[in-house]
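> Build me a model from this:
(4 chains)
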2 protein chains.
Amino acid sequence: MVYHYGGARGASAAKREAKQRIIDAAIELYAEHGLGAVTLKQIAALAEVSAPLVIHHFGSTSGLRTACDQEAARRIYAYKTMAVAMGEQFTFEAMLRQSAAHRPLLRYLTQALMAGGEEVDALMDQLVDDAVAYTTDAVEQGLVRPSPNERHRAAMLLLQGLGAMMLHRQMKRLIGTSPMDDPPEEWGPYILTVFDIYAHGVFTPGAYDHALSQITAPSEAPSAPPQTSQRGPDS
Amino acid sequence: MVYHYGGARGASAAKREAKQRIIDAAIELYAEHGLGAVTLKQIAALAEVSAPLVIHHFGSTSGLRTACDQEAARRIYAYKTMAVAMGEQFTFEAMLRQSAAHRPLLRYLTQALMAGGEEVDALMDQLVDDAVAYTTDAVEQGLVRPSPNERHRAAMLLLQGLGAMMLHRQMKRLIGTSPMDDPPEEWGPYILTVFDIYAHGVFTPGAYDHALSQITAPSEAPSAPPQTSQRGPDS
DNA sequence: CCAGAGGCTGAATGCCTGTTCAGCCACAGA
DNA sequence: TCTGTGGCTGAACAGGCATTCAGCCTCTGG
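Residues are numbered from 1 along each chain as shown, chains lettered A, B, ... in the order given. I've put the predicted structure just below:
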């Protein structure tokens, strides 16, 4: 179609360029529409390339999927490495400034996590490892409360955070903004809401004790106060 | 295929039965594989019915989708009505006992929420309304802390809870159990983890103040403590 | 200047999709 | 007992899918 063989650059550079364009297009479309709802032609069209070329480079569509998983893992690893290398310079602001670039990547990750797969499962394990390391560090600095199970908490925070991102359309509708749709300057309501929950908690101490006793010995109390925490799975 | 015209029941009963079986099959498959990744024949096969019959009843596949949305809304409404009718009898236990029956429904809901659509958006708004009512009630009873924005908090809790359910495969892997995969008796680790977060919060009071000041006036502090709350969108 | 290599394409292939059509079978009403 | 109605089907259809193939065009190495 477009097919312009970009002038002076070498063949290997052109190859890498088209191959990369295909992966980028695939990640973007998979992120947007889900892994099962994207056709080869859509990817080829977005990458401004013919469909057979995709097969030529990746063997098949599932080969492309694998390549996307690897690319996602690679980019996330690179991001983490960079963050470590920046050290003190990696401020909250610096993180926000990069957010737009990683947006499709993050949405692809959530889609891939839903589908599962060896590659992606391993990546998720790594993310949990990192989250545990971060929070443990923050606990020692007195910024984060200790947890009876640091790993479970870190995993759940990750699942909740990523999961909420999957519903970004609804988030945008319900709280007016979402990190997936808007630039960081407009994340205010999102950040405030998350902080509201994660800073103070949701339950009062009394409710926590009450609910816990009801769960461990369910038949003794007829009222149902802990509904809120169960709203996800049940209502 | 099977096609057994079940003996003594009338034609209208048989019709309703097949139609219902199709909707059930569709909801189950859409819930499992995503809205864009299910074929008409798969649905027909699971419902033990021919593909043309699905078209005959719903006009087209998108007609079936609409019917599924309506059915999902109907069932959720029925569930809420029942809960209200049970009143004091609607205990935590009673809720759990019903969970398995509503499992595909809930997964369908999350898939539909991702895709969006008029019908489903309205349903989500209703769910938020209910969540606000519940939490406001619980605040008055002293079980839940008040929030600066009750609606935003209720919406975010819903998004986080539903979102985490979408990643139930990962949840199962990471904390060993998930409400989508296991019976209520095994939800222990899930409930404890959610309670850990929602009861005590994650941040210490000092970290909250520090982070808040850094966000509202970002350029004054070079360190980056509030990473944890941003892990969802960024790392 | 002349092969050879390789990125890349359009056209062709066979499979699978949603949908249409004509007709079957069980039941309801006369 | 006959006739109509309606749930339901297999077969047929066009269109779209991933994939294969033969060949083009540009660059590279000699």
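> quick one: residue A:135 from DNA strand D, how far?
41 Å (Cβ to the nearest atom of the strand, to the nearest Å). The way it works is simple: take the backbone N, C-alpha and C, and place the C-beta from them, glycine included.
> Please verify my assumption that that residue contacts residue A:143.
No. Shown here, residue A:135 and residue A:143 do not form a contact pair, counting by Cβ atoms under 8 Å, at 9.2 Å.
> Could you check which of those two is surrounded by more residues?
residue A:135 (24 against 21; other Cβ atoms under 10 Å in any protein chain shown).
> For the more buried one, which residues are in contact?
For residue A:135, the contact set (Cβ atoms under 8 Å, 6 or more residues apart in numbering or on different chains) comprises A:144, A:147, A:150, A:153, A:154, A:157, B:228.
> What is the burial count for the residue lying closest to the first one once chain neighbours are set aside?
What that stands for is residue A:144. Spatial nearest neighbour of residue A:144, chain neighbours left out: residue A:138 (4.0 Å); criterion: Cβ to Cβ, 6 or more residues apart in numbering or on different chains. By the criterion of other Cβ under 10 Å, residue A:138 has 20 neighbours.
> Just the ones of the contacts of residue A:135 in helices?
A:150, A:153, A:154, A:157, B:228 (DSSP state H).
> Per-residue pLDDT of the last one, please?
Read it as residue B:228. Looking at residue B:228, its pLDDT stands at 40.
> ditto for the first one
With respect to pLDDT, residue A:150 has a value of 97.
> That one and residue A:138 touch, don't they?
No. Taking contacts as Cβ under 8 Å, residue A:150 lies outside contact range of residue A:138: 10.6 Å.
> In chain A, mark out all the helices, start to finish.
Counting by DSSP H, chain A has helices at residues A:11-33, A:40-46, A:51-58, A:61-86, A:92-98, A:103-115, A:118-140, A:150-166, A:168-175, A:188-200, A:205-216, A:227-234.
> Check the burial of the residue lying closest to residue A:132 once chain neighbours are set aside by counting its neighbours.
Once flanking residues are discounted, residue A:132 sits nearest to residue A:154: 4.6 Å by Cβ to Cβ, 6+ apart. Around residue A:154 there are 25 other residues, counting by other Cβ under 10 Å.
> ok, now how distant is residue A:154 from residue B:62?
According to Cβ to Cβ, to the nearest Å, residue A:154 stands 41 Å off from residue B:62.
> Same question for residue A:109.
Residue A:109 is 29 Å from residue B:62, by Cβ to Cβ.
> quick one: which of these two has more around it?
For residue A:109 versus residue B:62, the count of surrounding residues by other Cβ under 10 Å is larger for residue A:109: 24 against 9.
> Contact partners for that one?
A:72, A:76, A:120, A:123, A:162.
> And the pLDDT at it?
97.
> coming back round to it: just name the closest of the contacts of residue A:135 to DNA strand C, please.
Using Cβ to the nearest atom of the strand, residue A:157 is the member of those that lies nearest DNA strand C, at 37.8 Å.
> so that closest one sits right up against residue B:197, yeah?
Yes. Contact criterion Cβ under 8 Å: residue A:157 and residue B:197 qualify, at 6.9 Å.
> Common neighbours of the two, please.
By Cβ under 8 Å, 6+ apart, the residues touching both residue A:157 and residue B:197 are residue A:198.
> ok, residue A:180 to residue B:201 distance?
Distance from residue A:180 to residue B:201, counting by Cβ to Cβ: 25 Å.
> Likewise for residue A:85?
Taken as Cβ to Cβ, the span from residue A:85 to residue B:201 is 32 Å.
> Those two: who's more crowded?
residue B:201 (23 against 9).
> what about stretch A:58-66 and DNA strand C, touching?
No. Stretch A:58-66 lies out of reach of DNA strand C by Cβ under 7 Å from any atom of the strand, never closer than 11.3 Å.
> Can I get that stretch as CSV, trimmed to CA atoms?
C-alpha atoms of stretch A:58-66 as CSV (Å, rounded to 0.1, in the frame of the first residue of the first chain):
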residue,chain,number,x,y,z
PHE,A,58,5.9,-13.8,13.1
GLY,A,59,4.8,-17.1,11.4
SER,A,60,1.2,-16.9,12.5
THR,A,61,-1.1,-14.8,14.6
SER,A,62,-0.4,-16.7,17.7
GLY,A,63,3.3,-16.1,17.0
LEU,A,64,2.5,-12.4,16.9
ARG,A,65,0.7,-12.7,20.3
THR,A,66,3.8,-14.3,21.8
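> Give the buried residues for it.
Under the neighbour-count criterion of 16 or more other Cβ atoms under 10 Å in any protein chain shown, stretch A:58-66 has A:58, A:64, A:65, A:66 buried.
> how about the residue nearest to the last one when sequence neighbours are not counted, what does it touch?
So that's residue A:66. The shortest distance from residue A:66 to any non-neighbouring residue, by Cβ to Cβ, 6+ apart, is to residue A:119 (7.0 Å). With contact taken as Cβ under 8 Å, 6+ apart, residue A:119 is in contact with A:66, A:69, A:70, A:73.
> Among those residues, name the buried ones.
A:66, A:69, A:73.
> mind checking pLDDT for the residue nearest the centre of chain A?
Here the mean C-alpha position of chain A is nearest to the C-alpha of residue A:106 (Cα atoms, centre = their mean), at a distance of 4.0 Å. Turning to residue A:106, the model gives it a pLDDT of 95.
> Would you confirm that it contacts residue A:166?
No. Using Cβ under 8 Å, residue A:106 makes no contact with residue A:166, being 9.9 Å away.
> what residues are up against the residue nearest to residue A:123 when sequence neighbours are not counted?
Once flanking residues are discounted, residue A:123 sits nearest to residue A:73: 4.8 Å by Cβ to Cβ, 6+ apart. Listed by Cβ under 8 Å, 6+ apart, the contact partners of residue A:73 are A:119, A:120, A:122, A:123.
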